[in-house]
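Novice: please work out how this folds:
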Amino acid sequence: QVQLVESGGGLVQAGGSLRLSCAASGRTFSSYTMGWFRQAPGKEREFVAAISGSGGSTYYSASVKGRFTISRDNAKNTVYLQMNSLKPEDTAVYYCAADRATLRVVHATPGAYAYWGQGTQVTVSS
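Specialist: As a prediction, the model looks like this:
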């Protein structure tokens with residue numbers, strides 16, 4: 001069982017930056033693929049970024065590639081999402097997710113991730 005707690009959301013102006021963090025419980029954090037997803041009001045949950053257990057492989061959605069960076073610190077059981085050049089359309093609740101399957105298996109599919117955090121709100125004003 002893995003428990004995930006996100007933090008770092010807030011209100012920011014367009015063009016600004018935020019860094020989200022997701023702290024995980026447990027002693028096998030490096031065994032988990034970690035992902036970030038987001039859900040805006042009235043929309044389906046969408047993939048943002050994912051990172052392999054070692055941190056050596058990453059994958060991004062086209063809408064955030066080049067602006068967002070996912071990273072992890074396995075010593076701290078934490079995964080990060082650095083968000084730069086934020087746009088109003090990035091406004092959403094951001095969720096952290098984890099699964100023991102490899103990045104190649106879970107990829108960008110929400111249903112493939114077994115564990116989820118409670119979410120943190122990100123609001124980008126124009």
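Novice: who does the residue most central in space within the chain bridge with?
Specialist: For the chain, the residue sitting closest to the mean C-alpha position, by C-alpha atoms, centre = their mean, is W36 at 2.1 Å. Beta bridges link W36 to A49, C96, judged by DSSP bridges.
Novice: could you dump the helix or strand bottoming out on mean pLDDT in the chain to CSV, C-alpha only?
Specialist: Evaluated with mean pLDDT, DSSP states H and E, the helix-and-strand set of the chain has its lowest mean pLDDT in helix 103-106, which scores a mean of 86. Extracted C-alpha coordinates of helix 103-106, given in CSV (Å, rounded to 0.1, in the frame of the first residue of the first chain):
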residue,chain,number,x,y,z
LEU,A,103,6.7,3.1,-17.2
ARG,A,104,6.3,1.2,-20.5
VAL,A,105,3.3,-0.6,-19.1
VAL,A,106,1.4,2.1,-17.3
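Novice: what packs against it?
Specialist: Contact partners of helix 103-106 among helices and strands, from 3 or more C-beta pairs under 8 Å, 6 or more residues apart in numbering; DSSP states H and E: strand 33-39, strand 46-51. The way it works is simple: take the backbone N, C-alpha and C, and place the C-beta from them, glycine included.
Novice: need the winner for burial among these.
Specialist: Across the helices and strands packed on helix 103-106, the average number of neighbours (mean count of other C-beta atoms under 10 Å) peaks for strand 33-39, which reaches a mean of 25.
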